[in-house]
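Undergrad: build me a model from this:
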Amino acid sequence: MNGSGKEFLAAVDNIVKEKNIDPEIVYDAMELALTSAYKKNFKSKTNVKVLIDRETGDIKVYSYLTVVEDDKISKEEYEEKIANIEDEEEKEKLSYFNPETEIKLSDAKKQDKKLKVGDTIDTEVTPKDFGRVAASTAKQVVVQKIREAERTSIMDEFGDKEGEMLVGTVALEDSDNYFIDLGRCNGILPKKDCIPGEKIEMGSQIKVYVTKVDNNKRGMLILLSRSHYGFVKRLFESEIPELVDGSILLYSVAREPGVRSKIAVMSEKNNVDPIGACIGEKGSRIARIIEELHGEKIDVVKYDSDPAVFIENALSPAKNLTVLVTDPKKGEAIVIAEGDNFSLAIGKKGQNARLASRLTKYRIDIKTPEQAQEFGINIRNEE
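TA: So this is what the prediction gives:
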């Protein structure tokens, strides 16, 4: 292996390690770029290919002739026939013998009797100063190919991360966004998708939820959020092992970021308390989630297949409610609440009712017993 070959292999090895790219992608890009460089600098009219020895790093240029049938027509015959054909598809089927890129089978067999149609005869034509000329000409093409390969590699790594939670470092900030360093690329965390009131410091580690991954012409776009309801879901999964092993199932999440979230859980195992598991001993598990959410209140409620029971659970902390499912297909229900439970069920500015509606996917109409009677609903009769 000569010195330049060693240097070349070392350069490829550095690119492969730094960019996490398949070495064959780099070699293929180099060979393609060097082929273009040779044709441009040496005005080659023949078929040319450049091969790089993966062991030594040596670069060699070959011109080659493709073996064709003996009866392939001449250029003159081709031009005569093409002039009399109007159908474009028929024209495309015709081709002529090109001595600069092809060799007829009978002539090829004079060199090697084993040759057949489709084989190539290669002749090395590597110029003495090709390394210097080609390298400078091919540099831009290679860089472009490496960028494309790097983007593909990053897409392979992050393409399936939509809907997942990642940990990154706050790297940059502009008027509208934070740019989060995720390792091999940056994600964009719009300030409108942060938790209201939270302070994000440069250089700090931060948990983020991936809302979108898009590999477009302008580059990789990874959109992040901390206000998405999915962020709460992933935080629970990171803190509650029973959600990961399937002992507890998470049915739905409803959220008003920075204020309150409701999460519905269930278990198909009689000996598992889904709410207790989420809260943890002395509230330790849910306390860590609330800390990450900067004090956002969290109601953990039990899912029930009976929509009336589920709606009552979802309207916690209100109690002693009467739930009438008026239209299961449309998802409509009336809830009757007395005294303080009426205001608790609705919540401040309607927040509790709004979240319960999102959690259960039911339109919930909350009424006092007096209001219910005006609509012809009598609690006692219902009971």
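Undergrad: where does the stretch 1-150 of the chain dip in pLDDT?
TA: Residues of the stretch 1-150 of the chain meeting the criterion pLDDT under 70: 1-5, 131, 133-142.
Undergrad: for the stretch 201-350 of the chain, that is, sorry about that
TA: 217.
Undergrad: K145: which element?
TA: Per DSSP states H and E: K145 is located in helix 130-158.
Undergrad: following that helix, which helix or strand shows up next?
TA: strand 165-173.
Undergrad: that following strand - what's its average pLDDT?
TA: Computed over strand 165-173, the mean pLDDT rounds to 95.
Undergrad: buried set for it?
TA: 165-166, 168, 170 (16 or more other C-beta atoms under 10 Å). Yep, even glycine has a C-beta here, placed from its N, CA and C like the rest.
Undergrad: closest one of the residues you listed to R363?
TA: M165 (31.0 Å; C-beta to C-beta).
Undergrad: right, and that closest one touches T211 too?
TA: No - between M165 and T211 there is no contact under C-beta atoms under 8 Å: 11.2 Å.
Undergrad: I'd say A29 and A149 touch.
TA: Yes - look at A29 against A149 with C-beta under 8 Å: they come within range, at 7.3 Å.
Undergrad: can I get the buried residues of strand 165-173 in a markdown table with distance to T120?
TA: Listed next are the buried residues of strand 165-173 as a markdown table, based on distance: C-beta to C-beta, whole Å:
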| residue | distance to T120 |
| --- | --- |
| M165 | 54 |
| L166 | 50 |
| G168 | 51 |
| V170 | 56 |
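Undergrad: between the residues you listed, which is closest to C278?
TA: C278 lies nearest to M165 out of the buried residues of strand 165-173, by C-beta to C-beta, at 16.9 Å.
Undergrad: look up how far D22 lies from the closest one.
TA: 29 Å (C-beta to C-beta, to the nearest Å).
Undergrad: over to R151?
TA: The gap separating R151 from D22 is 13 Å, by C-beta to C-beta.
Undergrad: doesn't S36 belong to a helix?
TA: Yes - counting by DSSP: H, G, I helix; E, B strand; the rest coil, S36 is found in a helix.
Undergrad: how many residues are close by it?
TA: Using other C-beta atoms under 10 Å, S36 has 16 other residues around it.
Undergrad: V335 contacts L315, doesn't it?
TA: Yes - using C-beta under 8 Å, V335 is in contact with L315, at 6.6 Å.
Undergrad: which SSE is I366 in?
TA: strand 363-367.
Undergrad: now, among the buried residues of strand 165-173, which is nearest to A372?
TA: M165 (43.4 Å).
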